[in-house]
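J.: Generate a structure from the sequence data that follows.
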Amino acid sequence: MSRWRPPPPKSSPYVTVEGFAALQEELRALWERRHDVVRHLAAAAAEGDRSENAEYIYRKKELRELDRRIGYLQRRLPTLKVVTQAPADRDRVYFGATVALEAEDGTISAYRIVGPDETDPEEGRISVDSPMARALLKRAVDEEVVMRTGATTSRYVIVDIRYE
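T.: Numbering: from 1, shown residues only. A predicted model of the protein is given here:
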């Protein structure tokens, strides 16, 4: 029995200006953190027996995680396409739009459609690759959007579309 899994589908290469700057800042901070971890790792390695040295084992694991994220960012950043301006048709939902939706019960929620590397559901930023964003794309104000998740169906009406 093998553990092979097919690779995940490629995510969209789009990112906002703020998202690109945040990813660059994260990469810079990771490099700084890596220097500290390497210094602590060298000190832990100098203590002697590495097989029972918890500090050494912890720092090796931490270094591995930092290197994994740094490698990802170094491969991802050059492939990103920074979207700097709003689309010509501001009456429809496209990348970068902040969309206000009214649910069937009257509650209003707002979502901003951003790149997959800058999603944050708690701040209302959803990925352009998400099912919700795909359902919203190219829609206009007062259009109804139907979301099916498993056995439930939710209906929303687009109340407002803004671009920053």
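J.: Show residues contacting stretch 41-60.
T.: Contact with stretch 41-60 is made by 37, 40, 63, as judged by CB atoms under 8 Å, 6 or more residues apart in numbering. Every residue, glycine included, has its C-beta placed from N, CA and C.
J.: quick one: secondary structure of residue 134?
T.: Assigned by DSSP: H, G, I helix; E, B strand; the rest coil, the conformation of residue 134 is helix.
J.: Can you give the domain ranges for this structure?
T.: Domains of the chain are assigned by automatic domain parsing as 14-81, 86-163.
J.: Kindly reformat these as TSV and extend each row with mean pLDDT.
T.: TSV is the format used below for the domains of the chain (pLDDT from 0 to 100):
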stretch	mean pLDDT
domain 14-81	93
domain 86-163	93
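J.: I'd like the next helix or strand past the host helix or strand of residue 99.
T.: Using DSSP states H and E, residue 99 sits within strand 97-103. Counting by DSSP H and E, the next helix or strand C-terminal to strand 97-103 is strand 108-114.
J.: What pairs with that next one, parallel or antiparallel?
T.: Strand pairing for strand 108-114, using DSSP bridges, gives strand 97-103 (antiparallel), strand 125-127 (parallel).
J.: Can you give the contact residues for the last one?
T.: Applying CB under 8 Å, 6+ apart, the set of residues contacting strand 125-127 from outside is 11-12, 111-116, 118-119, 132-133.
J.: If you rank those by neighbours, which is first?
T.: residue 114 (27 neighbours; other CB atoms under 10 Å).
J.: What separation is there between it and residue 150?
T.: Separation of residue 114 from residue 150 (CB to CB, to the nearest Å): 25 Å.
J.: do the same with residue 10
T.: Distance from residue 10 to residue 150, by CB to CB: 26 Å.
J.: just residue 164 next, same as before
T.: For residue 164, the distance to residue 150 - CB to CB - is 33 Å.
J.: Between these two, point out the one with more neighbours.
T.: Taking neighbours as other CB under 10 Å, residue 164 and residue 150 compare with residue 164 leading, 10 against 5.
J.: And the more buried one, what's its pLDDT?
T.: In this model, residue 164 is scored at 82, pLDDT.
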